[in-house]
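*Asks:* Requesting a structural model of the entry that follows:
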Amino acid sequence: MRFFIFFIWITLPVYSLAEELEGLWVWEKNSDSHTFSIRIENGDNGLTGYYCAVGASGRRIDCSPKKHAHTFPIDLDGSEFEFTTSYSSKTGTAALTMVGDKLYWVIKSQPKGEHYAPKSATLFKYQSHNK
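*Replies:* Numbers count the residues shown, from 1 in each chain. Predicted coordinates:
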């Protein structure tokens, strides 16, 4: 019984963090010409994310037409991970960190092909008014 209580106590912060992170995160510099967002989901393999970037006033869309086609692991300690662009299917590396209630995206190694994700972005969690 003590083990069970300890297990619940030790895993509780992980689940609340996952719930807090799940959802849509949007770039604070979104504009009519360029948008960027990351969707975070909690699945069988932990937290994963995928991005959507739109550039050139909507004429360039770097989003996967198939849900979850280009996911990346969510690890907020600044560790580098590979991501694949949906626009050119090329791979680069990026890192995510969280400070307070903001998520920070930084590309460490640019993909060789065309893409529209910003080199760095500060994102905040989107709060739907339809709750």
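*Asks:* which residues does residue 106 contact?
*Replies:* Residue 106 is in contact with 94, 95, 96, 97, 119, 120, counting by C-beta atoms under 8 Å, 6 or more residues apart in numbering. C-beta here means a position set from N, CA and C on the backbone, and glycine is covered the same way.
*Asks:* Look up the residues forming beta bridges with it.
*Replies:* On the basis of DSSP bridges, residue 106 takes part in beta bridges with residue 95, residue 120.
*Asks:* Relative to residue 95, how far out is it?
*Replies:* Distance of residue 106 to residue 95, given as C-beta to C-beta, to the nearest Å: 5 Å.
*Asks:* okay, and the helix or strand of this protein with the least pLDDT?
*Replies:* Counting by mean pLDDT, DSSP states H and E, the chain has its least confident helix or strand at helix 2-21, which shows a mean of 55.
*Asks:* Next SSE downstream of that helix?
*Replies:* The element immediately downstream of helix 2-21 (helix or strand, assigned by DSSP states H and E) is strand 23-27.
*Asks:* How far away from the center of its chain is the next helix or strand after that following strand?
*Replies:* Later in the chain than strand 23-27, the nearest helix or strand by DSSP H and E is strand 35-43. Taking C-alpha atoms, centre = their mean, to the nearest Å, one finds the center of strand 35-43 at 4 Å from the center of the full chain.
*Asks:* contacting residues around the residue nearest the centre of the chain?
*Replies:* Of all residues in the chain, the one closest to the mean position by C-alpha atoms, centre = their mean is residue 38, 3.8 Å from it. By C-beta under 8 Å, 6+ apart, the contact set of residue 38 is 24, 25, 49, 50, 51, 52, 103, 105, 123.
*Asks:* filter those residues to the buried ones?
*Replies:* Burial by neighbour count, 16 or more other C-beta atoms under 10 Å: within the contacts of residue 38 this picks out 25, 49, 50, 51, 52, 103, 105, 123.
*Asks:* Can you point out the helix or strand that includes the third one?
*Replies:* Right, residue 50. Assignment of secondary structure by DSSP H and E places residue 50 within strand 46-55.
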